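Peer 1: here is my input; please provide its structure:
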Amino acid sequence: MNPPRIPIGVRGGFSISKEKEDEARVSPTIIENLRHFLAGFSQGQREKVIGLTCMEQQELENVFALLLLGSFVGFPAPPTFLAVELLPFMEREMLILGQRAEDACDMLGQMMGTLGVD
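Peer 2: Prediction:
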């Protein structure tokens, strides 16, 4: 016994194009959700990388300052001509050094300097 033949254009009262329209409506929603998720994930990773890059920049600045001003804490000093040429790049560090020298007898100022409050 063969099942009854159903015309190609009609399945259960709906045309094939209507079924495809329903599938087309569902698929973009899933794709849009996936795209939104990946965009959020990408943004989170970018923020994390930017934070790490800023931290690395601060550490490199600290190493740079230690190389140039290391003689104050007992490290061997770089050649004088090199240190003099690089001092313009140390403007911010020199301002902080001067400020800490002014606050040397102020215990509260010294504690705030340790915490990084300028």
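Peer 1: please give me every residue in contact with residue 40.
Peer 2: With Cβ atoms under 8 Å, 6 or more residues apart in numbering as the criterion, no residue contacts residue 40. Any C-beta I mention is one placed from the backbone N, CA and C, and that applies to glycine too.
Peer 1: distance of it from residue 55?
Peer 2: 23 Å (Cβ to Cβ, to the nearest Å).
Peer 1: again with residue 44
Peer 2: 17 Å.
Peer 1: let's verify residue 76: helix, strand, or coil?
Peer 2: Under DSSP: H, G, I helix; E, B strand; the rest coil, residue 76 falls in the coil class.
Peer 1: which non-adjacent residue is nearest it?
Peer 2: With Cβ to Cβ, 6 or more residues apart in numbering as the criterion, residue 76 has its nearest non-adjacent residue at 7.1 Å, and that residue is residue 70.
Peer 1: number of residues surrounding that neighbour?
Peer 2: 15 (other Cβ atoms under 10 Å).
Peer 1: what of the one 3 residues further on?
Peer 2: Neighbouring residues of residue 73 were enumerated by other Cβ under 10 Å; the total is 7.
Peer 1: renumber starting at 54 from here on
Peer 2: Let's use 54 as the start, then, which means that last one is residue 126.
Peer 1: now the helices for this protein?
Peer 2: 69-122, 133-139, 144-155, 160-168 (DSSP state H).
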